[in-house]
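Participant: Here's a sequence, model it:
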Amino acid sequence: MNRIVKHRIKILLIVVISITGILLALPREQRFGYEYSLGQPWRYAPLIATYEFPIHMSDEQREMKRDSVLREFHPYFQLRTEIGRQAVEHFKSDYVRGAFVGVPERYVYQMAGLLQEVYSTGVMDHARMDTLAAQRYRGIRVLSGTSATTLPLATLFSPGTAYEYIQRRAEFPGDVVQRLNLNRYLTPNLLFDSIKTQLEVEEALSVLNTNVGMVLAGERIIDRGERVSLRQVSILDSLRKESERRKDDGRSALFILIGQAGVVIAFIGMLLYFLHLFRREVFADIHSVALIFTLITLFSVATSLLVAHKFFSVYIIPFAMVPIIVRIFMDTRTAFIVAITLAVIASLPLHTNYQFLLTQIVASLVALYTIKELTSRAQIINAAFIIVLATWAFGLCFELAQGSDFGTLEWEWYWYIGLNGILLLFTYPLLYLIELSFGFTSSVTLVEMSNVNTPLLRMMAKKAHGTFVHSLQVGNLAAEVADKIGARVQLVRTAALYHDLGKTLNPAYFTENQGGGINPHDKLTEQESAAIIISHVTDGMRLAEKYRIPKLLRDFIVTHHGCSMVKYFYIQACNRCGAENVDAATFTYPGPNPQTREQAILMMADAVEASSRSLKEYSDATITELVHRIVDGQLEAGCFKECPITFKDIADAKQVLAESLKTTYHTRIAYPTLHTTSESEEAAPTERIGLFGNSWTWKR
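Facilitator: Predicted coordinates for the structure are as follows:
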């Protein structure tokens, strides 16, 4: 299995995981995605009924009607006649046993008659009677056998009211009633029948008609910009309930899933096709593809979760963060396409809310306009502020276009956008996490690493000062070229500082660090010298890995010489031993050749700057000839075959390098020597030149 096939299998796996995660998070039980409130303008397209459905009462109306029905309802009770009979018999038997000493017999039999009268009417538990009164029931249905009799609640007794009733009806002194101890014989004989009551309640509510009308298929429900009336609220509520009822069908849920999968796969596929056609370098980098689909998946899932669980408004999610991140690590066009793809997929749970889609497109475009290359934290703050203002302005214009006025604006939406801007500030720390997770290097990191006070660069300045100065000058030259041809300026400037890092291990073997006329190569063979010179590449890689230099910069260390040769020692060896006896591989750098335009720029700037130090005369002609000879030699050797640099880029690079070197090595005026009067008289001939009002004597 070759490398290309493995790469595409990895991409396919990333895409499948992304699509699966998005589809699993998308809510399929909430197809009705409209948001509306009484008196507010309808922000969506005209809503037309696609099927017939009834208009239901509102929850408040239905509850009022239900309460009205229940107030006319009578709960069911069982009249237990045996309880009353047993209580009377118990009373009489107690009298026979002498429990009521001194009470005349006629009083006892009169009391027994009153007990029978109370029990025949019905005695109910006191707590149950209070509950029925609180629920405003007017009466009860008393079951006796197969028949039921309606009794007003006011005619029934509780044990307490039964005692009071008997006490009022008794035709004997009150102390006799107390001696009879009636509380022992007053027990509830009306028992609540919960099963019968529940059945009758359900039957009464089943015939309750909660429909107040019907909407026919094809009927217009509401138009865009129209204010939502009370009747339309009822219709929209009914449409939501009907939609939820219909989604219970398994086939309906399957169709929804198929539709969602179709939309997601279509836009993900178009994004991949764009990368394959127009951004091959991004498509070829598995880390870039992984980052893009990770961002799309995370933000889409977050949107679905907010919609499904209604935590907050989806407008607090900082979608503009995605194009900013992609722009920083990749390019503007890729960032824009990714932002559009994300906005479309994230809008799926929101049904037809195109305001959300337009808002995210506006925020993404403004984000791309405000941040070209991130080099400081202040840029994130400025970008967040501008994005919030632009989004507020768009939202205001959108609402006014929909028929709203300043008195009916949804101010809550503006608070959500403000919170969105605050969350955008977390882009800066998130960049650091992305760099660690995906192996990217942002411009902010490059700026931080270009600080010459970092420990590694301070070590280079101390141990190999000449190399350090050379690196600074190469960085300046490379930055000028990168700016001219539209490459990454900060990248080449920072890479130039680290490209000769390996020379710090053996600084004396490199001419820029030598002094006092001592050259250690004089004691070595050409092969040994070449090995030391070439080793600065491998030594640089080891140091870079030790100090955790990003891979993006490490690549410059191995490509700044590419597969070129150490020609000085190679030619010496050929002259001494004969070309046929010299192994060219011994004098060749391990490579590879530059893979990017920035690496090619550094190779040219490094070779030109180093060679310029050997010029005996710094004239325009000699500098131009040097630049053309060096760069054309690299081009002829095939150093730039593997990078996307053009002939025009190379021509512009040669022009910039020559002009920069001319400026660096420009001729300076030699300051004259001030002679005394006697010396001036002896000097002949002379010419006086006035400079800033002073007179100087120049000797011809």
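Participant: Counting by contacts, list what the helix or strand harbouring Phe299 packs against.
Facilitator: For Phe299, the host element (DSSP states H and E) is helix 286-309. Applying 3 or more C-beta pairs under 8 Å, 6 or more residues apart in numbering; DSSP states H and E, we find helix 286-309 packed against helix 3-25, helix 250-278, helix 280-283, helix 321-329, helix 332-346, helix 427-438. The C-beta positions use only the backbone N, C-alpha and C, and glycine is treated the same way.
Participant: Go through those and pick out the most buried.
Facilitator: helix 321-329 (a mean of 25; mean count of other C-beta atoms under 10 Å).
Participant: Give me the distance from it to the chain's centre.
Facilitator: 11 Å (C-alpha atoms, centre = their mean, to the nearest Å).
Participant: Equivalent analysis for stretch 371-387, please.
Facilitator: Chain-centre distance of stretch 371-387: 17 Å, with C-alpha atoms, centre = their mean.
Participant: quick one: buried residues of it?
Facilitator: For stretch 371-387, the buried set under the neighbour-count rule, 16 or more other C-beta atoms under 10 Å, comprises 371, 373-374, 379-380, 383-384, 386-387.
Participant: what about Leu295, neighbour count?
Facilitator: Leu295 has 21 neighbours, counted by other C-beta atoms under 10 Å.
Participant: do His465 as well
Facilitator: Neighbour count of His465, defined by other C-beta under 10 Å: 14.
Participant: give me the number of residues near the residue nearest to it when sequence neighbours are not counted?
Facilitator: Once flanking residues are discounted, His465 sits nearest to Asn513: 6.9 Å by C-beta to C-beta, 6 or more residues apart in numbering. Around Asn513 there are 19 other residues, counting by other C-beta under 10 Å.
Participant: Would you agree His276 is in contact with Phe283?
Facilitator: Yes. Using C-beta atoms under 8 Å, His276 is in contact with Phe283, at 5.1 Å.
Participant: which residues in this protein form strands?
Facilitator: With DSSP state E, the ranges of strands along the chain come out as 47-48, 53-56, 76-79, 139-144, 147-152, 190-192, 211-215, 220-222, 686-691, 694-699.
Participant: so which of the ones you listed gets nearest Gly102?
Facilitator: Among those, strand 190-192 comes nearest to Gly102, with 34.3 Å by C-beta to C-beta.
Participant: what helices or strands is that closest one leaning on?
Facilitator: Against strand 190-192 (3+ C-beta pairs under 8 Å, 6+ apart) you get strand 76-79.
Participant: Need the residues that contact the strand it packs on.
Facilitator: The set of residues external to strand 76-79 that reach it, using C-beta atoms under 8 Å, 6 or more residues apart in numbering, is 122, 124, 140-144, 148, 189-193, 196-197, 200.
Participant: Tell me the one of those nearest Ile518?
Facilitator: Closest to Ile518, out of all of the contacts of strand 76-79 and judged by C-beta to C-beta, is Thr197, at 112.4 Å.
Participant: ok, the closest one to Leu191 distance?
Facilitator: 12 Å (C-beta to C-beta, to the nearest Å).
Participant: what does Ile340 give?
Facilitator: 71 Å.
Participant: re earlier: between the strands of the chain, which gets nearest to Arg333?
Facilitator: Across the strands of the chain, Arg333 has its closest neighbour in strand 47-48 (36.9 Å, C-beta to C-beta).
Participant: which helices and strands does that closest one pack with?
Facilitator: strand 220-222.
Participant: Buried residues of the strand it packs on, list them for me.
Facilitator: Neighbour-count burial for strand 220-222 [16+ other C-beta under 10 Å]: 221-222.
Participant: in its sheet, what does that strand sit against?
Facilitator: Using DSSP bridges, strand 220-222 pairs in its sheet with strand 47-48 (antiparallel).
Participant: Just give me how far the strand it pairs with sits from the chain centre.
Facilitator: Centre-to-centre, strand 47-48 and its host chain are 33 Å apart (C-alpha atoms, centre = their mean).
Participant: Which residue, neighbours along the chain excluded, lies closest to Leu216?
Facilitator: In space, Leu216 comes closest to Glu52 once its chain neighbours are excluded; the distance is 5.5 Å by C-beta to C-beta, 6+ apart.
Participant: Surely that neighbour touches Gly218?
Facilitator: No. At 9.3 Å, Glu52 and Gly218 do not qualify as touching, with contact defined as C-beta under 8 Å.
Participant: what's the residue nearest to the spatial centre of the chain in contact with, if anything?
Facilitator: The chain has Phe299 as the residue nearest its centroid, 4.2 Å off, counting by C-alpha atoms, centre = their mean. For Phe299, the contacting residues are 317, 319, 322, 342, 346, by C-beta under 8 Å, 6+ apart.
Participant: would you list the residues you listed in a markdown table and tack on distance to Met565 and pLDDT?
Facilitator: A markdown table is the format used below for these (distance: C-beta to C-beta, whole Å; pLDDT from 0 to 100):
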| residue | distance to Met565 | pLDDT |
| --- | --- | --- |
| Ile317 | 56 | 94 |
| Phe319 | 52 | 96 |
| Val322 | 47 | 96 |
| Leu342 | 50 | 96 |
| Ala346 | 55 | 93 |
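Participant: for those, which one is nearest Ile557?
Facilitator: Val322 (32.4 Å).
Participant: I'd assumed Leu342 was in contact with that closest one.
Facilitator: Yes. Shown here, Val322 and Leu342 form a contact pair, counting by C-beta under 8 Å, at 5.7 Å.
Participant: Which neighbours do those two have in common?
Facilitator: With contacts taken as C-beta under 8 Å, 6+ apart, Val322 and Leu342 have 295-296, 299 as neighbours in common.
Participant: got the residues you listed as a markdown table, with pLDDT columns?
Facilitator: Output for these, formatted as a markdown table (pLDDT from 0 to 100):
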| residue | pLDDT |
| --- | --- |
| Leu295 | 96 |
| Ile296 | 96 |
| Phe299 | 96 |
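Participant: Which residue in the buried residues of stretch 371-387 has the weakest pLDDT?
Facilitator: Least confident by pLDDT among the buried residues of stretch 371-387: that is Glu373, with 77.
Participant: Val582 and Ala530, how far apart?
Facilitator: Taken as C-beta to C-beta, the span from Val582 to Ala530 is 10 Å.
Participant: Who has more neighbours out of those two?
Facilitator: Counting neighbours by other C-beta under 10 Å for Val582 and for Ala530 shows that Ala530 has the greater number, 24 against 20.
Participant: Just the pLDDT at that one, thanks.
Facilitator: pLDDT at Ala530 comes out at 92.
Participant: when you give positions from now on, start the count at 274
Facilitator: Okay, residue one is now 274; in that scheme the one you just asked about reads as Ala803.
Participant: that older thread, what's around the residue nearest to Leu489, how many residues?
Facilitator: 12.
Participant: tell me the contacts of it?
Facilitator: Shown in contact with Glu325 (C-beta under 8 Å, 6+ apart): 487-490.
Participant: try Thr767
Facilitator: By C-beta under 8 Å, 6+ apart, Thr767 lies in contact with 719-720, 722-723, 748, 826.
Participant: now those as CSV including pLDDT and neighbour count?
Facilitator: Listed next are the contacts of Thr767 as CSV, based on pLDDT from 0 to 100; neighbours: other C-beta atoms under 10 Å:
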residue, pLDDT, neighbour count
Leu719, 91, 23
Val720, 90, 16
Met722, 92, 19
Ser723, 92, 18
Gly748, 95, 23
Leu826, 94, 21
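Participant: Filter those residues down to the ones in helices?
Facilitator: 719-720, 722, 748, 826 (DSSP state H).
Participant: Do I have it right that Val381 meets Asp367?
Facilitator: No. Judged on C-beta under 8 Å, Val381 makes no contact with Asp367 at a distance of 9.4 Å.
Participant: still on that earlier bit, any chance of the helices and strands packed on helix 559-582 in CSV, plus distance to Ala372?
Facilitator: Output for these, formatted as CSV (distance: least, C-beta to C-beta, whole Å):
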stretch, distance to Ala372
helix 276-298, 78
helix 523-551, 73
helix 553-556, 103
helix 594-602, 90
helix 605-619, 85
helix 700-711, 89
